[in-house]
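# Next come a sequence and a model predicted from it.
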Amino acid sequence: MGFFDSEIVQNEAKQLFTDYQNLVGLGSNYGKFDRDGKKMYIDQMEELMDRYKIFMKRFELSDDFMAKMTVEQMNTQLGQFGMTPQQMFDGMTMTLDRMKSELEK
């Protein structure tokens, strides 16, 4: 069975995409959130990032050709912006850390 033939992989991909879209939609109103709402948003983004890192690690560890091609495509696309996947995650973490520190002021 190929990597993308797995129902588990398909369901997780759909759920990650849906959750990301929902959070991005909510994020447009971030400035209107109270302190607790902002904290909840940040926590949900961190949880989503953790899930995404695990999902991507599955791609990296897979022997499946299509999974390896997906990793290569991601590396190529991010490389066009001068970054690696790790730099992307680091940037997202820095942004969320900055958002957290602003809550503590």
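Received, thanks.

# and Gly2, backbone torsions?
In terms of degrees, to the nearest 10, the main-chain angles of Gly2 are phi -80, psi 160.

# didn't it look like it was pressed against Asp64?
Yes: using Cβ atoms under 8 Å, Gly2 makes contact with Asp64 at a distance of 5.5 Å. Every C-beta, even on glycine, is put in place using the N, C-alpha and C of the backbone.

# which residues touch the helix or strand hosting Gln77?
Following DSSP states H and E, the helix or strand that holds Gln77 is helix 65-79. Helix 65-79 has contacts (Cβ atoms under 8 Å, 6 or more residues apart in numbering) with Gly2, Phe3, Phe4, Met56, Arg58, Phe59, Glu60, Ser62, Thr84, Pro85, Gln87, Met88.

# Please repeat the previous calculation with a cut-off of 10 Å.
Identification of contacts with helix 65-79 by Cβ atoms under 10 Å, 6 or more residues apart in numbering yields 2-5, 9, 56, 58-62, 64, 83-88.

# Output it as CSV, restricted to C-alpha atoms.
Presented in CSV, the C-alpha positions along helix 65-79 are these (Å, rounded to 0.1, in the frame of the first residue of the first chain):
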residue,chain,number,x,y,z
PHE,A,65,8.2,7.2,-3.6
MET,A,66,5.3,9.7,-3.5
ALA,A,67,6.1,10.5,0.1
LYS,A,68,9.7,11.2,-0.8
MET,A,69,8.6,13.4,-3.7
THR,A,70,6.3,15.3,-1.5
VAL,A,71,9.2,16.1,0.8
GLU,A,72,11.3,17.1,-2.2
GLN,A,73,8.5,19.4,-3.4
MET,A,74,8.2,21.1,0.0
ASN,A,75,12.0,21.6,0.2
THR,A,76,12.0,23.1,-3.4
GLN,A,77,9.1,25.4,-2.7
LEU,A,78,10.5,26.6,0.6
GLY,A,79,13.9,26.9,-1.0
